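Colleague: This is a predicted model, with the sequence first.
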Amino acid sequence: MLSTLASYARSALNGLCALMEAIYKSMLAPGTDDHPHSQHSHEPANVDTESANPRSILNIPLEQLDGITISLDDCATPCRFRLLDCAAFIDLHKLTIFEFPCFALSELSYAAISYPWRDLQLPEGTIPAEGCFSVRGAEHADRISIDVLRTACLAARHYGRSLLWLDRLCLLQTSKDDKNWQIQRMFQIYRHCDPCLVLPGGLVRLALLSEPTAWIDRAWTLQEAAANLTRDTIKCVFSFTQSSFPEFVRELPNPWYTPEFITYLCRDGRFPHTVVEPGRSATCNLLELFSAIEFGMSYFEAHEPVLSEQPDSFPIRIISAPASSLLSRSLVANNAINYQFFWMSAFTRTSSRPVDMVLSIMGPLAVNLPVAEFHENDRLRATIKLIQALMERGQEADWLFIAPELPPSPELSTLPAFPETSESGRAVIKTPAGLVPAFGAVALKEPWRTDRAPTGVMSDSGYFTFRARAAKAVGRAKDATFSKSNVYFECTTVDTEDIEAWAIVIAHRREFNRDPETGQITGYDPDKPFPVITELTLMLVESHVFEDAVYHHRVGMEREIDEGKTLEWDWTEREFSVGGPGRGDRIRFAISPKGPVYM
């Protein structure tokens with residue numbers, strides 16, 4: 001007991017020294033971007049150290065937590081950062097939360113948790129070993145298991161942190177002002193944490209490596225990953241009762257795995273991990289988990305072809321293999337974003353509040369929307385504001401390529417239909433054939449190329465105005481067949497018709513490796529060079545009248561069109577304003593010698 005108290009005293013003393021240093025730095029630089037008062041330039045440069053000190057606003061013994069609903073309403077001040085004290089939780093068995101009046105996030109050392117609000121549950125009839133509790137204002141979420149929170153604190157301590165940020169405990173769940181203030185700074189909260197601890201199955205219990213979870217399907221976890229993945233500061237926390245990864249593999253219940261596949265998985269270094277609690281939990285680098293899944297899936301598809309067709313047959317299912325691949329492609333080195341894949345990843349996720357589908361990605365896209373101005377169902381207006389901000393800084397319109405093969409949105413035709421939102425479960429998209437899983441609809445094996453996508457401006461009504469080369473539709477196809485590449489249609493005979501529709505070039509690139517005999521991309525052969533061709537991506541638009549003016553709406557897109565087949569078209573350069581509601585289905589069109597034609 002004495003050694004424990006001494007350890008805690010040393011930890012508290014070290015923490016106090018760090019906090020005093022942070023106070024001193026914050027007094028020297030009160031106008032930093034992350035400072036809570038940085039928007040008010042008239043704030044005095046010197047801060048009263050008494051009011052600047054963090055204060056304990058909650059201090060409850062763990063044995064009193066089981067079954068209760070805690071509230072910070074009467075003890076916390078809105079619009080301030082709060083952190084949980086891991087040392088108090090582990091060593092003194094108390095839930096202690098500190099509030100920081102005027103600290104810059106960059107001056108604090110803390111871990112943060114990324115998790116779904118609702119996911120895995122305990123088997124019926126069982127209860128958490130140490131009990132569980134709720135938070136006022138968030139009773140609709142899963143209850144917080146004390147033993148899971150203890151694991152998170154131990155993981156934070158393992159990585160050298162004694163403070164922990166958890167939205168359920170560090171936001172005032174009943175205060176709209178505080179939640180808006182925190183959401184405005186959410187990306188910064190995760191950008192400055194180290195590490196970010198991913199609990200993929202939620203806070204009721206830890207997930208097994210072999211257990212599917214909802215973490216990668218939730219809207220907010222995209223920005224939480226984006227803030228940390230390229231910095232290599234994001235760790236996955238999972239249930240691990242075995243002594244080694246090979247032992248886990250050999251205990252897998254699927255009797256149909258071949259011995260070769262088991263041997264492949266058990267190779268040394270295949271899955272590096274760190275035990276947090278022997279016989280209970282472990283952590284691993286999330287990027288290394290993604291790599292293990294990706295390489296494992298490649299081997300799995302090659303050597304277990306029958307099993308690989310069953311999505312739940314791969315042994316590591318804690319994070320979906322295709323979704324993890326898309327997330328990895330969204331983020332590149334030096335905290336840069338691959339905008340096309342980032343948009344695609346965002347459209348495979350869901351949230352209980354539709355507007356959060358937009359607010360949750362503004363941070364990684366370096367856009368700062370006024371959170372308080374949007375209500376929970378304001379997704380369309382928030383989307384327009386987000387795209388406006390991107391266009392105003394000269395960004396290319398990569399969002400045109402999120403899912404070109406899906407029907408245009410009935411709300412905004414330049415986008416695919418928005419995914420359905422739900423509190424739990426995976427995102428789905430409504431199509432003429434019914435609801436389909438969003439990931440399967442968006443994440444194509446061969447994503448569309450966005451080379452030289454247009455730039456322009458978007459109006460408050462959602463019309464995207466840009467200049468581009470275009471050709472008017474000349475009629476309807478009579479004998480359309482697939483091109484050699486099996487991507488677009490060609491025809492030679494046309495029923496000429498005056499149609500108010502245009503095919504607009506929205507991307508073009510030079511292709512060096514397309515075999516003219518097969519139409520397929522092949523490897524470079526110096527003894528058999530292929531002719532260089534320019535390939536076009538075309539968007540078909542139709543006209544409509546809006547507010548007494550002529551506008552256009554998207555009805556379809558086609559790609560990889562050999563520009564040589566369009567040389568006789570009546571091309572013109574002009575301005576288009578494309579938006580408005582879509583038809584609700586995708587219109588295919590074909591390439592003829594005279595011009596684009598309807599199928």
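Modeller: Great, that's in hand. Owing to the predicted nature of the structure, the values given are computational and were not obtained by experimental measurement. Residues are numbered from 1 along each chain as shown.

Colleague: Please count neighbours and contacts with C-alpha atoms only from this point.
Modeller: Will do.

Colleague: domain assignment for the protein?
Modeller: The chain breaks down into these domains under automatic domain parsing: 54-239, 457-598.

Colleague: So what touches stretch 332-342?
Modeller: By CA atoms under 8 Å, 6 or more residues apart in numbering, the surrounding residues in contact with stretch 332-342 are 226-227, 230-231, 326-327, 329-331, 364-365, 398-399, 401-402, 450.

Colleague: Show me which residues of it are buried.
Modeller: The neighbour-count check on stretch 332-342 (16 or more other CA atoms under 10 Å) flags 337-342 as buried.

Colleague: follow-up on the earlier one: name the stretch among the domains of the chain that sits most buried.
Modeller: Stretch with highest mean neighbour count among the domains of the chain: domain 54-239 (a mean of 20; mean count of other CA atoms under 10 Å).

Colleague: which residues pair with the nearest residue to residue 550 once chain neighbours are set aside across the strands?
Modeller: Excluding the flanking residues, the one nearest residue 550 by CA to CA, 6 or more residues apart in numbering is residue 544, at 5.7 Å. With DSSP bridges applied, residue 544 shows beta-bridge pairing to residue 551.

Colleague: quick one, helices of the stretch 1-150 of the chain?
Modeller: Per DSSP state H, counting those that start in this stretch, the stretch 1-150 of the chain has helices spanning 2-28, 49-52, 86-91, 146-158. These are given in chain order.

Colleague: related to what we said a few turns ago, can you tell me which of the buried residues of stretch 332-342 are in strands?
Modeller: Among those, no member falls in strands (DSSP state E).

Colleague: quick revisit: tell me the confidence at the residue nearest to residue 550?
Modeller: In this model, residue 544 is scored at 92, pLDDT.

Colleague: which residues sit in contact with it?
Modeller: Counting by CA under 8 Å, 6+ apart, residue 544 makes contact with 550-553.

Colleague: picking that back up, which pair of the contacts of stretch 332-342 spans the longest distance?
Modeller: For the contacts of stretch 332-342, the maximum inter-member distance is 27.3 Å, found between 231 and 401 (CA to CA).

Colleague: ok but residue 590 is inside a helix, no?
Modeller: No. Using DSSP: H, G, I helix; E, B strand; the rest coil, the secondary structure at residue 590 is strand, not a helix.

Colleague: Would you check how far apart it and residue 400 are?
Modeller: Residue 590 is 20 Å from residue 400, where distance means CA to CA, to the nearest Å.

Colleague: just residue 412 next, same as before
Modeller: According to CA to CA, residue 412 stands 11 Å off from residue 400.

Colleague: Of those two, which one has the most company?
Modeller: Using other CA atoms under 10 Å, the more surrounded residue of residue 412 and residue 400 is residue 412, with 23 against 20.

Colleague: tell me the secondary structure for residue 528?
Modeller: Following three-state DSSP, residue 528 is assigned to coil.

Colleague: Give me the phi and psi for it.
Modeller: Note on residue 528: backbone dihedrals following degrees, to the nearest 10 are phi -140, psi 70.

Colleague: so where's this protein shaky on pLDDT?
Modeller: Within the chain, the ranges that satisfy pLDDT under 70 run 1-52, 255, 268-270, 307-308, 310-312, 333-335, 421-425, 517-518, 524.

Colleague: Which residue lies nearest the spatial centre of it?
Modeller: Central residue of the chain (CA atoms, centre = their mean): residue 222, 2.3 Å from the mean position.

Colleague: for that residue, what are its contacts?
Modeller: 216, 327, 345-346, 360-361.

Colleague: Please report how far it lies from residue 541.
Modeller: Separation of residue 222 from residue 541 (CA to CA): 32 Å.

Colleague: can you check residue 418 too?
Modeller: Per CA to CA, residue 418 is found 20 Å from residue 541.

Colleague: And residue 446, by the same measure?
Modeller: According to CA to CA, residue 446 and residue 541 sit 24 Å apart.

Colleague: and if you look at residue 514?
Modeller: 28 Å.

Colleague: burial count for residue 402?
Modeller: 24.

Colleague: is it true that it touches residue 348?
Modeller: No. If you go by CA atoms under 8 Å, residue 402 and residue 348 don't touch, sitting 10.2 Å apart.

Colleague: list residues touching both of the two?
Modeller: Listed as contacting both residue 402 and residue 348 by CA under 8 Å, 6+ apart are residue 442.

Colleague: Now do the strands in the stretch 101-250 of the chain.
Modeller: Here the stretch 101-250 of the chain has its strands, by DSSP state E, counting those that start in this stretch, at 111-114, 132-135, 144-145, 163-165, 196-198, 234-239.

Colleague: How far does the second one sit from its chain's centre?
Modeller: Put plainly, it is strand 132-135. Centre-to-centre, strand 132-135 and its host chain are 27 Å apart (CA atoms, centre = their mean, to the nearest Å).

Colleague: and if you look at the fifth one?
Modeller: Shown here is strand 196-198, whose average C-alpha point lies 14 Å from the average C-alpha point of the whole chain (CA atoms, centre = their mean).

Colleague: Counting by contacts, list what it packs against.
Modeller: Applying 3 or more CA pairs under 8 Å, 6 or more residues apart in numbering; DSSP states H and E, we find strand 196-198 packed against strand 111-114, helix 146-158, strand 234-239.

Colleague: Any chance you could give me the last one in PDB, C-alpha atoms only?
Modeller: What it means is strand 234-239. Output of strand 234-239 as PDB, limited to C-alpha atoms (Å, rounded to 0.1, in the frame of the first residue of the first chain):
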ATOM      1  CA  ILE A 234      -2.900   5.000 -33.300                       C
ATOM      2  CA  LYS A 235      -3.100   1.700 -31.400                       C
ATOM      3  CA  CYS A 236      -5.800  -1.000 -31.400                       C
ATOM      4  CA  VAL A 237      -6.700  -2.400 -28.000                       C
ATOM      5  CA  PHE A 238      -8.300  -5.900 -28.100                       C
ATOM      6  CA  SER A 239      -9.100  -8.900 -26.000                       C
END
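
Colleague: can you list contacts of it?
Modeller: 152, 155, 194-200, 206-209, 225, 228, 280-286.

Colleague: quick one on the thing from earlier: would CSV of the helices and strands packed on strand 196-198 with distance to residue 165 be doable?
Modeller: What follows is the helices and strands packed on strand 196-198, written out as CSV (distance: least, CA to CA, whole Å):
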stretch, distance to residue 165
strand 111-114, 4
helix 146-158, 10
strand 234-239, 14
